[in-house]
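1. Fold the following, please.
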Amino acid sequence: MSMSREEEEFLRYLLVEKQASSHTHETYTRSLRLFREWMGERFSSWQACSADDFRGWLMTGLMGEKSSATLRLRFSALRSLFRFLLRRGYVETNPMAEVSLPKKHVQLPVFLSIDQMLELLELPYRLPLSPSSPDWLPYRDAAVLELFYSCGLRLSELVSLDVRSVNHNRKILRVTGKGNKQRILPVGDPALAALDEYVRRAHLPETSPLFISRLGKRLSGRSVELLLKKYVKASSIPFDISPHKLRHTFATHMLDAGADLRSVQELLGHASLSTTQIYTHVTRSRLADAYRMAHPRASI
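-> The predicted structure is shown next:
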């Protein structure tokens, strides 16, 4: 079943006017297609859809044991579509306003302890280098890990950096985040030192991507995930780590050390403070654990 003109206009609006990421665009496109496929021959147009149709799709997802996060993501696409249709005058009422979604399950972020993080940062220098690898490779990997931890970057932000994104004199990094929004981040001395050593050994010009593959091309997100997997496997860390968990680690360690929530929000590039507040649950949980373990009258 092909897209309607209104749907095509909405998805184009996401990319051009909202400057949504390609991932968001693909997710919304898929969600709308899945609903149309579920409706089958009953689907004639978005204008003809009712709240009962959306409740039926929601019930199908619940009966199929889809997670609340998956369902909320799918319905986010539908909500955005109907807000768009309402603004453009394609519909007179919004049937999605009558649909209640399951509550979002708050899952606390997984993060590394300081000792685990320090162990991970040392590993690129300690593991043996294969004969076919360039001698700058461990220094690149060390710089990747240091920059993740120093700045709390998203994976997409890290791989899009160029050499000139780093200002060594001012100790800052220029990052392009979600929605093509730029922010300036401070960079710690250990990360700057690792970057200096890597760039010098790899002979990278100012116009080069900051992180390159063995072939001299911009390093892909998948390659970063694989190199992190390699170092975690060689460490004593007892669970899998993704680049996003390093971002969690950065935020948690900042808050544990006394940083205020607004500052961490700015550093992470979160549009809403509510997104950053999940990390306060982590720190509060750790405080509660420390209290229970240390206070003589915490429990009877």
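2. Can you list the residue ranges for helices in the stretch 51-200 of the chain?
-> For the stretch 51-200 of the chain, the helices defined by DSSP state H, counting those that start in this stretch cover 51-63, 68-87, 114-126, 137-151, 155-159, 189-202.
3. Could you check the longest one and say which residues are buried?
-> The neighbour-count criterion (16 or more other C-beta atoms under 10 Å) identifies 71-75, 77-82, 84-85 as the buried residues of helix 68-87. Quick note: C-beta positions are derived from backbone N, CA and C, even for glycine.
4. and what of the shortest one?
-> When neighbours are counted by 16+ other C-beta under 10 Å, the buried residues of helix 155-159 are found to be 155, 157, 158, 159.
5. ok, the closest residue to the first one other than its chain neighbours - how many residues close by?
-> Same thing as residue 155. Once flanking residues are discounted, residue 155 sits nearest to residue 243: 4.2 Å by C-beta to C-beta, 6 or more residues apart in numbering. Residues within reach of residue 243, counting by other C-beta atoms under 10 Å, total 21.
6. Let's see the pLDDT reported for residue 243.
-> Looking at residue 243, its pLDDT reads 94.
7. And it, how close does it get to residue 231?
-> Distance check for residue 243 against residue 231: by C-beta to C-beta, to the nearest Å, it reads 12 Å.
8. all strands for the stretch 201-300 of the chain, in order.
-> When assigned using DSSP state E, counting those that start in this stretch, the stretch 201-300 of the chain turns out to have no strands.
9. Tell me where this protein is predicted with low confidence.
-> For the chain, applying pLDDT under 70 flags the ranges 1, 104-108, 280-300.
10. circling back: which one of the buried residues of helix 68-87 is nearest to residue 116?
-> Of all the buried residues of helix 68-87, residue 73 has the smallest distance to residue 116: 30.5 Å, by C-beta to C-beta.
11. so the closest one touches residue 27, yeah?
-> Yes. Contact status for residue 73 versus residue 27: in contact at 6.6 Å, counting by C-beta atoms under 8 Å.
12. quick one: the closest residue to residue 45 other than its chain neighbours and residue 16, what's the gap?
-> By the measure of C-beta to C-beta, 6+ apart, the closest residue to residue 45 outside its immediate chain neighbours is residue 4, 6.2 Å from it. Separation of residue 4 from residue 16 (C-beta to C-beta) stands at 18 Å.
13. same check, this time on residue 162
-> 25 Å.
14. the more surrounded of these two?
-> residue 162 (15 against 9).
15. Please name the bridge partners of that one.
-> residue 209 (DSSP bridges).
16. Is it in contact with residue 205, as I believe?
-> No. When contacts are counted by C-beta under 8 Å, residue 162 is not listed as touching residue 205 (10.0 Å).
17. that older thread, make JSON lines out of the buried residues of helix 155-159 and add distance to residue 209.
-> Shown next, in JSON lines, are the buried residues of helix 155-159 (distance: C-beta to C-beta, whole Å):
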{"residue": "155", "distance to residue 209": "14"}
{"residue": "157", "distance to residue 209": "13"}
{"residue": "158", "distance to residue 209": "11"}
{"residue": "159", "distance to residue 209": "8"}
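18. any idea which of those residues is closest to residue 186?
-> Lowest distance from residue 186 to the buried residues of helix 155-159 (C-beta to C-beta) belongs to residue 157, with 15.0 Å.
19. Quick check: chain neighbours aside, which residue is closest to the closest one?
-> residue 175 (5.0 Å).
20. go on, residue 14?
-> Leaving aside its sequence neighbours, residue 14 sits nearest to residue 20 (C-beta to C-beta, 6+ apart; 4.3 Å).
21. What separation is there between the one you found and residue 13?
-> Residue 20 sits at a distance of 9 Å from residue 13 (criterion: C-beta to C-beta).
22. Next: residue 38.
-> 24 Å.
23. now do residue 27
-> From residue 27 over to residue 13 the distance is 15 Å, taken as C-beta to C-beta.
24. cool, residue 125 as well?
-> In terms of C-beta to C-beta, residue 125 sits 48 Å off from residue 13.
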